[in-house]
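Enquirer: Need a 3D model of the following:
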Amino acid sequence: MTWTAPLIETERLILRPPIAEDFEDFAAFGADADTMQHLGGVQSRPVAWRSFVGVVGSWHVLGYAFFSVLEKASGRWVGRLGPWQPEGWPGTEIGWGIARPYWGRGYAPEAAAAATDWAFDVLGWSEVIHTIGADNLKSKAVAAKLGSRYLRQGRLPAPLDLDVEIWGQTRQAWRARRSGASA
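Expert: Numbers count the residues shown, from 1 in each chain. Model prediction:
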(Lines give C-alpha, C1' and ligand atoms only; values in the text may rest on other atoms or scores of the structure.)
Protein backbone atom coordinates (compact mmCIF):
# COMPACT_ATOMS: atom_id res chain seq x y z
CA MET A 1 0.00 0.00 0.00
CA THR A 2 1.35 3.39 -0.97
CA TRP A 3 0.42 6.11 1.47
CA THR A 4 0.80 9.85 1.09
CA ALA A 5 0.38 11.91 4.23
CA PRO A 6 -2.27 14.59 3.79
CA LEU A 7 -1.59 18.21 4.64
CA ILE A 8 -4.58 20.48 5.16
CA GLU A 9 -4.28 24.22 5.59
CA THR A 10 -6.90 26.58 6.93
CA GLU A 11 -6.60 30.31 7.40
CA ARG A 12 -4.69 29.92 10.68
CA LEU A 13 -3.88 26.22 11.03
CA ILE A 14 -2.06 23.28 9.50
CA LEU A 15 -3.41 19.75 9.94
CA ARG A 16 -1.06 16.85 9.31
CA PRO A 17 -0.55 13.33 10.64
CA PRO A 18 1.45 13.24 13.89
CA ILE A 19 5.21 12.83 13.79
CA ALA A 20 7.62 11.75 16.55
CA GLU A 21 8.44 15.35 17.44
CA ASP A 22 4.78 15.92 18.40
CA PHE A 23 4.91 13.48 21.30
CA GLU A 24 6.10 15.92 23.98
CA ASP A 25 3.17 18.23 23.28
CA PHE A 26 0.80 15.26 23.01
CA ALA A 27 1.97 13.97 26.41
CA ALA A 28 1.59 17.43 28.00
CA PHE A 29 -1.92 17.61 26.51
CA GLY A 30 -2.77 14.23 28.05
CA ALA A 31 -1.39 15.25 31.46
CA ASP A 32 -3.57 18.38 31.74
CA ALA A 33 -6.64 17.69 33.91
CA ASP A 34 -8.70 20.52 32.41
CA THR A 35 -7.95 19.48 28.84
CA MET A 36 -8.63 15.81 29.54
CA GLN A 37 -11.77 16.32 31.63
CA HIS A 38 -14.02 15.16 28.75
CA LEU A 39 -11.44 13.06 26.91
CA GLY A 40 -11.16 10.03 29.17
CA GLY A 41 -9.15 11.59 32.01
CA VAL A 42 -5.53 12.42 32.64
CA GLN A 43 -3.02 10.12 30.97
CA SER A 44 0.32 9.13 32.43
CA ARG A 45 3.23 9.48 30.03
CA PRO A 46 3.25 5.72 29.21
CA VAL A 47 -0.51 5.78 28.51
CA ALA A 48 -0.08 8.94 26.41
CA TRP A 49 2.63 7.11 24.43
CA ARG A 50 0.27 4.20 23.74
CA SER A 51 -2.45 6.63 22.66
CA PHE A 52 -0.01 8.53 20.44
CA VAL A 53 1.28 5.43 18.66
CA GLY A 54 -2.31 4.20 18.31
CA VAL A 55 -3.08 7.37 16.38
CA VAL A 56 0.08 7.03 14.28
CA GLY A 57 -0.71 3.36 13.64
CA SER A 58 -4.26 4.16 12.61
CA TRP A 59 -2.90 6.45 9.92
CA HIS A 60 -0.92 3.54 8.48
CA VAL A 61 -3.57 0.85 8.90
CA LEU A 62 -6.72 2.81 8.01
CA GLY A 63 -5.36 5.85 6.16
CA TYR A 64 -6.87 8.27 8.66
CA ALA A 65 -6.81 9.27 12.33
CA PHE A 66 -6.41 12.40 14.40
CA PHE A 67 -4.32 15.09 12.80
CA SER A 68 -1.78 17.10 14.72
CA VAL A 69 -3.04 20.69 14.59
CA LEU A 70 -0.37 23.36 14.27
CA GLU A 71 -0.75 27.10 14.53
CA LYS A 72 0.54 28.59 11.26
CA ALA A 73 1.85 31.80 12.79
CA SER A 74 4.01 30.10 15.45
CA GLY A 75 4.37 26.50 14.25
CA ARG A 76 3.23 25.37 17.71
CA TRP A 77 1.27 22.15 18.27
CA VAL A 78 -2.18 23.20 19.51
CA GLY A 79 -4.07 19.92 19.61
CA ARG A 80 -5.22 16.75 17.93
CA LEU A 81 -8.35 16.50 15.88
CA GLY A 82 -9.94 14.67 13.00
CA PRO A 83 -11.44 11.43 11.77
CA TRP A 84 -11.58 8.62 14.29
CA GLN A 85 -13.25 5.21 14.40
CA PRO A 86 -11.57 2.70 16.69
CA GLU A 87 -12.94 -0.82 16.97
CA GLY A 88 -16.46 -0.78 18.42
CA TRP A 89 -16.91 2.99 18.01
CA PRO A 90 -20.50 4.15 17.42
CA GLY A 91 -19.77 5.70 14.01
CA THR A 92 -17.43 7.72 11.84
CA GLU A 93 -16.34 10.50 14.15
CA ILE A 94 -14.68 13.85 13.75
CA GLY A 95 -13.34 14.46 17.24
CA TRP A 96 -11.35 17.32 18.67
CA GLY A 97 -9.10 18.22 21.54
CA ILE A 98 -7.34 21.57 21.74
CA ALA A 99 -4.63 22.22 24.34
CA ARG A 100 -5.80 24.57 27.10
CA PRO A 101 -3.46 27.49 26.22
CA TYR A 102 -5.24 27.69 22.84
CA TRP A 103 -8.85 27.56 24.03
CA GLY A 104 -11.15 30.37 23.01
CA ARG A 105 -9.47 31.13 19.67
CA GLY A 106 -11.93 29.24 17.46
CA TYR A 107 -9.34 26.63 16.48
CA ALA A 108 -11.60 23.60 17.14
CA PRO A 109 -14.39 24.59 14.72
CA GLU A 110 -11.92 25.88 12.12
CA ALA A 111 -9.90 22.66 12.11
CA ALA A 112 -12.94 20.39 12.50
CA ALA A 113 -14.57 21.97 9.43
CA ALA A 114 -11.46 21.25 7.37
CA ALA A 115 -11.27 17.68 8.72
CA THR A 116 -14.96 17.15 7.96
CA ASP A 117 -14.47 18.32 4.37
CA TRP A 118 -11.56 15.88 4.09
CA ALA A 119 -13.55 12.97 5.59
CA PHE A 120 -16.44 13.50 3.19
CA ASP A 121 -14.35 14.32 0.10
CA VAL A 122 -11.40 11.92 0.51
CA LEU A 123 -12.62 9.15 2.80
CA GLY A 124 -16.10 9.11 1.26
CA TRP A 125 -17.89 9.07 4.59
CA SER A 126 -21.66 9.51 4.42
CA GLU A 127 -22.03 10.79 8.00
CA VAL A 128 -19.86 12.32 10.70
CA ILE A 129 -20.61 12.05 14.38
CA HIS A 130 -19.18 13.66 17.49
CA THR A 131 -19.33 11.69 20.76
CA ILE A 132 -19.88 14.24 23.52
CA GLY A 133 -20.44 13.88 27.25
CA ALA A 134 -23.77 15.31 28.41
CA ASP A 135 -21.99 17.95 30.53
CA ASN A 136 -19.48 19.01 27.87
CA LEU A 137 -21.08 22.29 26.86
CA LYS A 138 -17.98 23.58 25.01
CA SER A 139 -17.92 20.60 22.64
CA LYS A 140 -21.67 20.88 22.09
CA ALA A 141 -21.08 24.51 21.08
CA VAL A 142 -18.36 23.44 18.61
CA ALA A 143 -20.66 20.75 17.17
CA ALA A 144 -23.46 23.30 16.77
CA LYS A 145 -21.09 25.74 15.01
CA LEU A 146 -20.34 22.94 12.57
CA GLY A 147 -24.06 22.50 11.91
CA SER A 148 -24.28 19.19 13.75
CA ARG A 149 -27.24 18.36 15.95
CA TYR A 150 -28.04 15.87 18.66
CA LEU A 151 -28.85 12.52 17.02
CA ARG A 152 -29.10 9.92 19.78
CA GLN A 153 -27.59 8.49 22.96
CA GLY A 154 -24.68 6.10 22.58
CA ARG A 155 -21.97 4.30 24.49
CA LEU A 156 -18.22 4.24 23.92
CA PRO A 157 -16.63 0.78 24.03
CA ALA A 158 -14.22 -0.53 26.69
CA PRO A 159 -11.97 0.56 28.18
CA LEU A 160 -13.86 3.89 28.20
CA ASP A 161 -17.35 2.44 28.83
CA LEU A 162 -18.96 5.89 28.77
CA ASP A 163 -22.47 6.98 27.92
CA VAL A 164 -22.34 9.87 25.45
CA GLU A 165 -24.55 12.02 23.33
CA ILE A 166 -24.00 11.46 19.64
CA TRP A 167 -24.15 14.62 17.58
CA GLY A 168 -23.61 14.70 13.82
CA GLN A 169 -24.82 15.24 10.31
CA THR A 170 -24.88 13.65 6.88
CA ARG A 171 -22.61 14.51 3.99
CA GLN A 172 -25.66 15.93 2.18
CA ALA A 173 -26.52 18.27 5.08
CA TRP A 174 -22.85 19.32 5.43
CA ARG A 175 -22.48 20.14 1.75
CA ALA A 176 -25.79 22.01 1.66
CA ARG A 177 -24.74 24.11 4.66
CA ARG A 178 -21.28 24.78 3.19
CA SER A 179 -22.83 25.89 -0.11
CA GLY A 180 -25.39 28.08 1.64
CA ALA A 181 -28.38 25.96 0.57
CA SER A 182 -30.84 24.42 2.98
CA ALA A 183 -30.36 20.75 3.77
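
Enquirer: For the rest of this, base every contact and every neighbour count on C-alpha atoms.
Expert: Fine.

Enquirer: Can you name the residues in contact with the helix-or-strand element of the chain with minimal mean pLDDT?
Expert: One helix or strand of the chain scores below all others by mean pLDDT, DSSP states H and E: helix 33-36, with a mean of 77. The set of residues that contact helix 33-36 without belonging to it, under Cα atoms under 8 Å, 6 or more residues apart in numbering, is 29, 30, 41, 42, 97, 98, 99, 100.

Enquirer: Please repeat the previous calculation with a cut-off of 6 Å.
Expert: 42, 100 (Cα atoms under 6 Å, 6 or more residues apart in numbering).

Enquirer: Need the contact partners of the very next helix or strand once past that helix.
Expert: Following the chain from helix 33-36 toward its C-terminal end, the next helix or strand by DSSP states H and E is helix 45-62. Under the criterion Cα under 6 Å, 6+ apart, residues 27, 65 lie in contact with helix 45-62.

Enquirer: looking at this, residue 68 is in a strand?
Expert: Yes: counting by DSSP: H, G, I helix; E, B strand; the rest coil, residue 68 is part of a strand.

Enquirer: thinking again about what came up before, centre of the chain to the least confident helix or strand of the chain, how far?
Expert: Its chain's C-alpha centre lies 16 Å from the corresponding centre of helix 33-36 when counted by Cα atoms, centre = their mean, to the nearest Å.

Enquirer: Please apply the same query to stretch 19-26.
Expert: Distance, centroid of stretch 19-26 to centroid of chain: 16 Å (Cα atoms, centre = their mean).

Enquirer: Can we start the residue count at 58 from this point?
Expert: Sure thing, new numbering starts at 58, so read that last one as stretch 76-83.

Enquirer: mind listing what's buried in that stretch?
Expert: Along stretch 76-83, these residues count as buried under the neighbour rule (16 or more other Cα atoms under 10 Å): 79, 80, 82, 83.
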